[in-house]
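> just the structure for this:
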Amino acid sequence: MVLAALRSAQLINQSEISRDAGLSQPTTHRYLNLLETTHLFDRLPAYTASHTTRLLKSPKAFFNDPALAVFLSGYFELDDLRKAREYGSYFETFIYHHLRILTRLMTPSARLYFWRTLEGNEVDFVLEYGRHLLAIEVKLTDNLGYRDTAGLRLFFEKHPKASGGLIIYGGTEIKRLDQKIVAIPWSLITG
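Numbers count the residues shown, from 1 in each chain. The predicted model follows:
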C-alpha cells in the first residue's frame, strides 16, 4: 500500500512497483486489484477521441482517500508534507477525490479521464458529460501565469470541440486566463 500511496496521481507502472516491493508482477497485479475492489484505489483511464484506444493507454493511479495516501507515505507533519516531492501529487489526489464525487452526482453520471501525449504534455483531468468535454488542470501555486495554460491550450488544439478549460489552484480569486480558460480557487469545489 505504501508504494501505491507514493505513486498516487502518477501513471501506473506495475513492473516498477513489483521491483521496489520485491514481488512478482502477478502478485502486484492482484494486490492492486484488491485495493481497487475495496475502493481504496482507482485507476483513471486516459482520454482519447476513440473509445477503443482508451483501453490501450496506461491509467493513472489515485488513492481515494488523500489523507490515507499521505499517512501511508510517512508524512505526519504539515511542514514535512509541504517539502515533499509528492506534495503536488497529493494535492492532485485531493482534487481527484472531489471531482470523482462530483461526476457521480451528475445525472447521468459524467466520466473522468486524464489526457497525455506521447511527448509528455498533459491535462490532469478531462470531464466528459455526454458530448461535452471540460479539461481541468490542477496547480498548487497561488500565482498563475500564461505558461500554466499550456496543457489546456494544446488539448484545445487536439480537441477543438471541447467546451472549456478550468484551472483549480491555490489562490483566492476567480480569474479568466483565456477565452475558454477560467481559474478557480480549490476551496470552491471542496467547500
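
> can you list the buried residues in the longest helix seen in the chain?
Assignment by DSSP state H gives helix 87-105 as the longest helix of the chain. By neighbour count on 16 or more other C-beta atoms under 10 Å, the buried set for helix 87-105 is S89, Y90, F91, E92, T93, F94, I95, Y96, H97, L99, R100, T103. The C-beta positions use only the backbone N, C-alpha and C, and glycine is treated the same way.

> how near is K57 to A69?
From K57 across to A69, the span is 23 Å (C-beta to C-beta, to the nearest Å).

> between these two, tell me which one has more neighbours.
A69 (29 against 16; other C-beta atoms under 10 Å).

> after the strand or helix carrying that one, next one along is what?
Using DSSP states H and E, A69 falls within helix 66-72. Next in sequence after helix 66-72, counting helices and strands by DSSP H and E, comes helix 78-83.

> could I have the CA atoms of that following helix written out in CSV?
C-alpha atoms of helix 78-83 as CSV (Å, rounded to 0.1, in the frame of the first residue of the first chain):
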residue,chain,number,x,y,z
LEU,A,78,2.4,19.5,7.7
ASP,A,79,5.9,21.1,7.2
ASP,A,80,7.3,17.7,6.1
LEU,A,81,4.5,17.3,3.6
ARG,A,82,4.9,20.7,2.1
LYS,A,83,8.6,20.0,1.5
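
> ok, which stretches of the chain are helices?
With helices called from DSSP H, the chain shows them at 2-6, 14-21, 25-37, 66-72, 78-83, 87-105, 150-158, 187-190.

> next, the angle helix 14-21 makes with the third one.
Read it as helix 25-37. Using axes from the mean of the first three to the mean of the last three C-alpha atoms, to 10 degrees, the direction of helix 25-37 lies 100 degrees away from that of helix 14-21.

> next one: helix 25-37 to chain centre, how far?
On the basis of C-alpha atoms, centre = their mean, to the nearest Å, helix 25-37 sits 20 Å off its chain's mean C-alpha point.

> same thing with the first one?
The chain centroid and the centroid of helix 2-6 are separated by 15 Å, computed with C-alpha atoms, centre = their mean.

> residue ranges with poor pLDDT in the chain?
By pLDDT under 70, the low-scoring segments of the chain are 51-56, 191.

> what about 90?
For the chain, applying pLDDT under 90 flags the ranges 1, 13, 48-58, 117-120, 145-146, 188-191.

> A9 contacts A61, doesn't it?
Yes. Contact between A9 and A61 holds when scored by C-beta atoms under 8 Å: they sit 7.5 Å apart.

> how many residues are close by Q25?
Using other C-beta under 10 Å, the number of residues around Q25 comes to 12.

> for it, which non-adjacent residue is closest in space?
Leaving out its chain neighbours, the residue that sits closest to Q25 by C-beta to C-beta, 6 or more residues apart in numbering is S18, at 4.8 Å.

> show me what contacts the one you found?
S24, Q25, T27, T28 (C-beta atoms under 8 Å, 6 or more residues apart in numbering).
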